[in-house]
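Participant: Take this sequence and fold it.
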Amino acid sequence: MAAPESNLEGNRAGQRTQRDDRGGVRSGFIAVAADAAAATASRLHRDASSPRLSPAPGPPRRHLTTTAARISTWLARYFVPKDLGPGTIEVVGTQDPGNMGTGVPASEQTRCAKGEPQIYCPENAGGTEAGQVTDFESSEDNRPQSEPGYSNPEDSGQLMASYEGKAKGYQVPPFGWRICLAHEFAEKRKPFNANNVSLSNLIKHLGMGLRYLQWWYRKTQVEKKTPFIDLINCVPLRQIYGCPLGGIGGGTITRGWRGQFCRWQLDPGMYKHRTVIADQFTVCLRREGKTVYQQVLSVERPSVLRSWNWGLCGYFAFYHALYPRAWTVYQLPGQNVTLTCRQITPILPHDYQDSSLPVGVFVWDVENEGDEALDVSIMFSMRNGLGVGDDAPGGLWNEPFCLERDGETTQGLLLHHPTLPNPYTMAVAARLTAATTVTHITAFDPDSTGQQVWQDLLQDGQLDSPAGRSTPSQKGVGIAGAVCVTGKLPPRGQCRLEFSLAWDMPRIMFGAKGQVYYRRYTRFFGRDGNAAPALSHYALCRYVDWEEKISAWQSPILDDRSLPAWYKSALFNELYFLADGGTVWLEVPEDSLPEELVGSMCQLRPILQEYGRFGYLEGQEYRMYNTYDVHFYASFALVMLWPKLELSLQYDMALATLREDLTRRQYLMSGVMAPVKRRNVIPHDIGDPDDEPWLRVNAYVVHDTADWKDLNLKFVLQVYRDYYLTGDQGFLRDMWPVCLVVMESEMKFDKDQDGLIENGGYADQTYDGWITTGPSAYCGGLWLAAVAVMVQMAGLCGAQDVQDKFSSILRRGQEAYERLLWNGRYYNYDCSPQPQSCSIMSDQCAGQWFLRASGLGEGDTEVFPTPHVVCALQTIFEFNVRAFAGGAMGAVNGMQPHGVPDRSSVQSDEVWVGVVYGLAATMIQEGLTWEGFQTAEGCYRTVWERLGLAFQTPEAYCQQRVFRSLAYMRPLSIWAMQLALQQQHRKASKPVAEQGTGLSTGPNPRPKEATANPK
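Facilitator: The predicted structure is shown next:
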């Protein structure tokens, strides 16, 4: 879903610009385009080159009463005070008031001088400052930067323009997202806020504002909870994130592209955006028994751990991400040594064991280009906890461990964090081989100068390795530990040092603390909370096998020369959200499934108990599990790569559909009181991780989604698509009765019985800030597609009477849809009497998209005339893509026929990344492959190369100034592009006689290839 955009300070220097008063929502906080916004829009988009379209005389309109609904839907969702700015993000351990006062994290301020670095190699290794490299002087790099290019080392564009090193790293692939550690993003956007909402709009939307503020106060101050959408405290921009560590559902830790550990999701679904300064890698080089170089591999210059040598020169290092792996290459100045750190997480398609493990591996390949032998040590230091919040009471403690199994030895430290309700143990470990030595320091103060640790490493390249556990930490006092691996580096040779990071939080409770769950990985490693050593050992012994599987999965796509480089990066890197979407993967207790429902769904119990329960958030800022109208887009990644998890999610959704919760509550947009959940309608979401998801669904309180027009239809379409791609007939039979009841619920929206549903004059679908009235392109198209799918399913299930019923509805609905909405070039947005009814909606072909993905929509199963679909897509490309922002930012949601973005709502002039990827897939399906790639490329380059939003792809951005809802589910829809390419490839390889025959009513095993083989 989506949300708002607001008035912001316009330029980076803080100068005021002409106001653009906007209000809006995400998912429902409905947006307002004020008079000032309209004036600004006309100024921004008055371009003689903009295309203009004069639609054919519109079809007859249904004049529905909309005034009351429009007033309620345009309520302000933006009562947000001052922009919090990046300075609100806490950098743990950085307490320098001068630095904090800049409002910019240290990693975003650091510069180092170019040219030959000077190395200071002290003779006295006993002094506090001994062995440190002299700091590089700060200077600005004013070189002109080239336009963003592809991701190979020779053409890395703007992101690599600052790189001055020669090193290419050890086995770094040519494709992925690559960035120099010295890069600075020129554009600093702000999250949506409503700091400058005009007084007239505040008065107009006072009702919504007061209801939201009252609800927010009760939630935060009385219930002591965090709102599922917090408009008061949005997450500010930090252009720092990289590949997350951790498999699916066990929690994640994000390591930024400059090496910082900076985003944490250990408690299920709850994020902490903090850089922990003590969490670092440090390198020590020794020649002939003397330390010649010792450096923290970080560009930070914090005010704690001052005895450590900070301020790595970022001009000689780069980061390369191809999820689930990442590489950081460090060319050590003056040493003829290159370090390549390879980060590996077990994200393995069709694997339901190792993909669940809460582990990450760091493999350091060290290359010596000199003629002298070296001893090289890498030290991995880690704070126990994050330095705030639940660390404060103390009681944290560390202890060393050594695990020898099957001839392999792992040594390291256990960091015990026993704080309730979700205690955990973290393991920092290394692999011991015949060529390496592993040492450790059990405990040190991460808020001190760090002199003891630094001198210990400096003296001999190893740590003291004291025996026994540390004493528990005192209240308010931090504790950290470190593990060091040392190896021999021959002249012109190479050596490898291997680390792992694992965390064991087997037993979890959500925010309500009412139900105990066990994570998926406990099936394989136990529930006792002592699995961290075994997880570390397993990861270090199995990562080579993981990498072979990752390569086998990715290589067919990476080696396909017909695919552009940016697409290869986007396809895999956007998958980060499947693990880092607040994701949980839980065991399902035997007694937790209702017997009355289990009996009617034969595969429900086997699926849930064999593959577990899966949930991921709508977004890291929109905290609702399995938001279904958004999952509709994102589900392609899940069904193609982990199809059993998609089926599990569908069974959970079916269970929730058949239940009800008649507890009445007030909905913020309308102010009406209505039940939380009505029976036989699809829920909006499965619940809030700060409450009790699965037990209490529909955390979304903005609209009463029982009257939304898209949720039921999206369930039916996904059920059939999942059957088509998996070939699971048992799943189809189980879902058939649920599809019948939700379609029966949906039929009440066809008020005039013409076979086409009508929207209700408010924002009653995933575009929850964009009012829709009467028959509409989006919901009407989804309805017809769902009806067509019901015809197919009825045939497969032997329900002739149902098939006849829906066939009749389909014929009448097709005629009404074409008559009321087709204008000769595209389908009108809706049938309201307002000017925006003629808007060109980028998502108008969503129904056709799902039909084609399911093997329907052409030949015998055509629903929308193919010439109309192709013409509409070409019109969208001409107007929403090429006429918007020079064609370089994807497709704007709505465009008026005279070439100006539709500003009737905040969502209509946003770009939704996940919608754009779905649109691109639709274009590919219809043979407009070049247009599809051009459309999607604009989003990738905007998000990943221009705005610095890597690994936090937002739901939306506007042409200027703002973004909304970082780290969002919907962009996983890029996998629909891959499915479209695979289907296109298979269709091209079929004999001509077999093409265009539609889908038979019998079982069709062919589509399963789409999930089993990425090529």
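Participant: quick check, distance from the longest helix anywhere in the chain to the centre of its chain.
Facilitator: Determined from DSSP state H, the single longest helix within the chain is helix 532-558. Put simply, helix 532-558 sits 22 Å off its chain's centre (Cα atoms, centre = their mean, to the nearest Å).
Participant: Flag every buried residue along it.
Facilitator: Residues of helix 532-558 classed as buried: 532-541, 543, 546-547, 549-550, 553-554, 557-558 (neighbour count, 16 or more other Cβ atoms under 10 Å). (C-beta placed from N, C-alpha, C; glycine too.)
Participant: Who are the packing partners of the helix or strand just after it?
Facilitator: Sequence-wise, the next helix or strand downstream of helix 532-558 (DSSP states H and E) is helix 565-573. On a contact count with 3 or more Cβ pairs under 8 Å, 6 or more residues apart in numbering; DSSP states H and E, helix 565-573 meets strand 317-322, helix 532-558, helix 929-940, helix 974-989.
Participant: which ones are touching the closest residue to residue 625 other than its chain neighbours?
Facilitator: Distance criterion Cβ to Cβ, 6 or more residues apart in numbering; nearest residue to residue 625, sequence neighbours excluded, is residue 615 at 4.0 Å. Neighbouring residues of residue 615 by Cβ atoms under 8 Å, 6 or more residues apart in numbering: 269, 583-586, 625-626, 649, 686, 693-694.
Participant: cool, residue 730 as well?
Facilitator: Contact partners of residue 730, counting by Cβ under 8 Å, 6+ apart, are 602-603.
Participant: I'd guess it is in a helix, am I close?
Facilitator: Yes - under DSSP: H, G, I helix; E, B strand; the rest coil, residue 730 falls within a helix.
Participant: if I look at it, how far off is residue 646?
Facilitator: Distance of residue 730 to residue 646, computed by Cβ to Cβ, to the nearest Å: 15 Å.
Participant: what do you get for residue 246?
Facilitator: Residue 246 sits at a distance of 21 Å from residue 646 (criterion: Cβ to Cβ).
Participant: got it, and residue 589?
Facilitator: 22 Å.
Participant: Those two: which is more packed in?
Facilitator: Between residue 589 and residue 646, counting by other Cβ atoms under 10 Å, residue 646 is the more crowded of the two (26 against 13).
Participant: isn't residue 502 right up against residue 530?
Facilitator: No - between residue 502 and residue 530 there is no contact under Cβ atoms under 8 Å: 12.0 Å.
Participant: ok, those two, which is more surrounded?
Facilitator: residue 502 (30 against 13).
Participant: what sits against the more buried one?
Facilitator: 357-360, 426-427, 429, 532, 535-536, 539 are the contacts of residue 502 under Cβ under 8 Å, 6+ apart.
Participant: one more time with 6 Å, if that's ok
Facilitator: Contacts here follow Cβ atoms under 6 Å, 6 or more residues apart in numbering; on that basis residue 502 touches 359, 427, 532, 535-536.
Participant: any chance of those residues in CSV, plus distance to residue 679?
Facilitator: Shown next, in CSV, are these (distance: Cβ to Cβ, whole Å):
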residue, distance to residue 679
359, 42
427, 47
532, 44
535, 43
536, 48
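Participant: now the residues you listed in TSV, with distance to residue 227 and pLDDT?
Facilitator: Output for those, formatted as TSV (distance: Cβ to Cβ, whole Å; pLDDT from 0 to 100):
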residue	distance to residue 227	pLDDT
359	32	98
427	34	98
532	34	98
535	34	98
536	37	98
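Participant: just these now: which is nearest residue 878?
Facilitator: For the contacts of residue 502, the closest approach to residue 878 (Cβ to Cβ) belongs to residue 359, at 48.6 Å.
Participant: That closest one and residue 535 touch, don't they?
Facilitator: Yes - the pair residue 359 / residue 535 is scored as a contact, 5.4 Å apart, by Cβ atoms under 6 Å.
Participant: shouldn't residue 923 be in contact with residue 875?
Facilitator: No - counting by Cβ under 6 Å, residue 923 does not reach residue 875; the two are 11.9 Å apart.
Participant: Which of those two has more residues huddled nearby?
Facilitator: Applying other Cβ under 10 Å to residue 923 and residue 875 shows that residue 923 carries more neighbours, namely 28 against 22.
Participant: Name the nearest residue to that one, ignoring sequence neighbours.
Facilitator: According to Cβ to Cβ, 6+ apart, the nearest residue to residue 923 is residue 932 (3.5 Å).
Participant: swap in residue 437?
Facilitator: Spatial nearest neighbour of residue 437, chain neighbours left out: residue 486 (4.5 Å); criterion: Cβ to Cβ, 6+ apart.
Participant: Surely the one you found forms part of a strand?
Facilitator: Yes - the assignment for residue 486 (three-state DSSP) places it in a strand.
Participant: Could you check how sure the model is about stretch 886-893, as an average pLDDT?
Facilitator: When pLDDT is averaged over stretch 886-893, the result is 98.
Participant: Give me the residues contacting it.
Facilitator: 842, 880-881, 884, 901, 908, 910-911, 916, 919, 935, 938-939, 942.
Participant: Just the buried ones from those?
Facilitator: With burial judged by 16+ other Cβ under 10 Å, the buried subset of the contacts of stretch 886-893 is 842, 880-881, 884, 901, 908, 910-911, 916, 919, 935, 938-939, 942.
Participant: Which of those residues fall within strands?
Facilitator: Residues of the buried ones among the contacts of stretch 886-893 located in strands (DSSP state E): residue 911.
Participant: which one of the buried ones among the contacts of stretch 886-893 sits closest to residue 387?
Facilitator: Among these, residue 942 lies closest to residue 387 (Cβ to Cβ), at 34.5 Å.
Participant: Not counting sequence-adjacent ones, nearest residue to that closest one?
Facilitator: Leaving aside its sequence neighbours, residue 942 sits nearest to residue 889 (Cβ to Cβ, 6+ apart; 5.0 Å).
Participant: can you count the residues close to the one you found?
Facilitator: Number of residues near residue 889 (other Cβ under 10 Å) recorded here: 21.
Participant: That one and residue 431: what is the separation?
Facilitator: 46 Å.
Participant: Now do residue 990 against residue 928, distance only.
Facilitator: Per Cβ to Cβ, residue 990 is found 20 Å from residue 928.
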